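Colleague: fold the following, please.
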Amino acid sequence: MRGAFIAAVGLFAGLLFGVGLVIGGMTDPAKVRGFLDFMGEWDPTLAFVMGGAIAVHFLAYRMVRGRPTPVLARRFQIPTRRDVDAKLLAGAAAFGLGWGLGGYCPGPAVTSLSTGAPGVLAFVGAMLGAAWLTARAEDWVSRRRPGAAEPPTVDRRVLTPQ
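Modeller: Next comes the predicted model:
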């Protein structure tokens, strides 16, 4: 019963997020490219969408931070790494290039799948292919380097209700 409730909460949160992306214009590639076009006809409206999202996250994080555990999980999943390495920079660059060229970032792209537009299908296909290739490359590199640390994994027991 608890698992079904958690799944329903997750579904509701995802739907709410998707609706927010559509209302905010984040699923319109022309609007996104207009926002990223600082040298042309810049469209600043997405700055308000991002500013609103940052404000909500800022307040929610402050409210949740004082809790000993999350409401629907055993512990918080907060990143502990603080270093900036080549993989992080390469990933950020790839994200920015994909966002600028395609007009989508991952969340709005998945939301836009319902349109069936060829551009979004190609973008999501490329995004999934790149994720698959990245995972395979990390596996290959970790096997080639003796004594290399295994890539970090997610403890699925924390995410799955018992």
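Colleague: CA atoms only: put stretch 107-122 into CSV for me.
Modeller: Listed next in CSV are the C-alpha coordinates belonging to stretch 107-122 (Å, rounded to 0.1, in the frame of the first residue of the first chain):
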residue,chain,number,x,y,z
GLY,A,107,12.7,17.6,-18.6
PRO,A,108,11.0,19.6,-21.3
ALA,A,109,12.1,17.2,-24.0
VAL,A,110,10.4,14.2,-22.2
THR,A,111,7.4,16.4,-21.6
SER,A,112,7.3,17.3,-25.3
LEU,A,113,7.3,13.6,-26.4
SER,A,114,3.5,13.6,-26.3
THR,A,115,3.6,15.9,-29.4
GLY,A,116,5.3,13.3,-31.4
ALA,A,117,7.3,16.0,-33.2
PRO,A,118,10.2,14.6,-35.2
GLY,A,119,12.6,17.1,-33.6
VAL,A,120,11.8,16.1,-30.1
LEU,A,121,11.9,12.4,-30.9
ALA,A,122,15.4,12.9,-32.4
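Colleague: residues in contact with that stretch?
Modeller: 17-18, 21-22, 26-27, 29, 32, 102-104, 123-124, 127 (CB atoms under 8 Å, 6 or more residues apart in numbering). In short, each C-beta sits where N, CA and C put it, glycine included.
Colleague: again, only using 7 Å
Modeller: 17, 18, 21, 22, 26, 27, 29, 104, 123, 124, 127 (CB atoms under 7 Å, 6 or more residues apart in numbering).
Colleague: what's the fifth one sitting at in phi/psi?
Modeller: Backbone dihedrals for residue 26, given as degrees, to the nearest 10, come out at phi -70, psi -10.
Colleague: same check, this time on the first one
Modeller: Dihedral angles of residue 17 (phi, psi; degrees, to the nearest 10) stand at phi -60, psi -50.
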